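Engineer: Got a predicted structure here, sequence first:
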Amino acid sequence: MTERRLGRSAAFLDRDGVINRDHGYVHRWEDFEFLPGVVEALRRLQAAGHALVIVTNQSGIARGLYGEADVERLHERLRQHLRGIGIELAAIEYCPHLPASTVPAYAVDCECRKPAPGMILRAAQALGIDLARSMMVGDKSSDIEAARRAGVGHAFLVATDGEGEPDALSPDLAHLLRLKLLQDAVEAWLRPEHVDAGPPARLTEATGATGATEAKDATGATGATGATRAADATGAIEP
Ligand SMILES: [Mg+2]
Ligand SMILES: [Zn+2]
């Protein structure tokens, strides 16, 4: 049961709809609106020793809506803002591609646009991340799928903005918990019994959860009432 801890763990976070409100193709700091509880959630993840890595599809670039320079400028502002309040982002990875783009340079069937795992793998390589001990939070099934393909051990799907259900999940991912905000996922992830969990828990689906869900693990034990228990994807989904 003792497990050798090799690399550092990371929290891979989608950007739009997880960190900031997804107004659609956000590319200016003036339009960047943090979702509730995000700063505190980042702080808690960092304090627990997880590298903070943003992985974001930015097809607005391939669609000609804005340029890479805009995205990089926005990300630099974000980094500076967070650094000013003591939060350090280990990496921000973005994918500018879209196969159907009319801009040849971006009309690429790339390995980084989620659900492809390229951004996660790139950051993991650069930072020496132990993917199995890491987690992903996204608001689309493509985020969760990218995590699965990369070998990220834990994933959380959030539905922000009170817009109801997140993307429909593929059937094999239906056991993932659906939460409302990043802070709910962090709450679940940082629960002590989860961090040092033994066998992976197989969870029942918690549909429409808004932070107060309960799930059953493989042994039949249940999490505390009113709390959220993390989905441990290791061993629960086929690679
Ligand atoms: Mg998103
Ligand atoms: Zn790409």
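Structural biologist: On my side now, so go ahead. Numbering: from 1, shown residues only. Ligands and ions are numbered 1, 2, ... in the order given.

Engineer: who in this structure is up against ligand 2?
Structural biologist: If contact is defined as Cβ under 5 Å from the ion, the residues of the chain in contact with ligand 2 are 95, 97, 110, 112-113. From N, CA and C alone the C-beta is placed, and that goes for glycine too.

Engineer: strands paired with the longest strand along the chain, and their directions?
Structural biologist: For the chain, the longest strand by residue count, based on DSSP state E, is strand 51-57. For strand 51-57, the pairing partners within the sheet under DSSP bridges are strand 10-13 (parallel), strand 91-95 (parallel).

Engineer: could the residues of the chain next to ligand 2 go into CSV alongside distance to Glu68 and neighbour count?
Structural biologist: Conversion of the residues of the chain next to ligand 2 to CSV gives the following (distance: Cβ to Cβ, whole Å; neighbours: other Cβ atoms under 10 Å):
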residue, distance to Glu68, neighbour count
Cys95, 11, 22
His97, 11, 23
Cys110, 14, 16
Cys112, 13, 20
Arg113, 14, 22
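
Engineer: mind putting these in JSON lines, pLDDT and secondary structure included?
Structural biologist: Putting these into JSON lines (pLDDT from 0 to 100; DSSP: H, G, I helix; E, B strand; the rest coil) gives the following:
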{"residue": "Cys95", "pLDDT": "98", "secondary structure": "strand"}
{"residue": "His97", "pLDDT": "98", "secondary structure": "coil"}
{"residue": "Cys110", "pLDDT": "97", "secondary structure": "coil"}
{"residue": "Cys112", "pLDDT": "98", "secondary structure": "coil"}
{"residue": "Arg113", "pLDDT": "98", "secondary structure": "coil"}
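
Engineer: okay, those in CSV with distance to Trp29 next?
Structural biologist: Rendered in CSV, the data for these read as follows (distance: Cβ to Cβ, whole Å):
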residue, distance to Trp29
Cys95, 20
His97, 23
Cys110, 26
Cys112, 24
Arg113, 24
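
Engineer: Below-threshold pLDDT in the protein: ranges please.
Structural biologist: Scanning the chain for pLDDT under 70 picks out 1-6, 160-178, 192-239.

Engineer: what does the protein put close to ligand 1?
Structural biologist: 14, 16-17, 139.

Engineer: where does the residue of the chain found nearest ligand 1 sit relative to Leu65, distance-wise?
Structural biologist: Using Cβ to the ion, the single residue of the chain nearest to ligand 1 is Gly17, 3.5 Å away. Between Gly17 and Leu65 the distance is 17 Å, computed by Cβ to Cβ, to the nearest Å.
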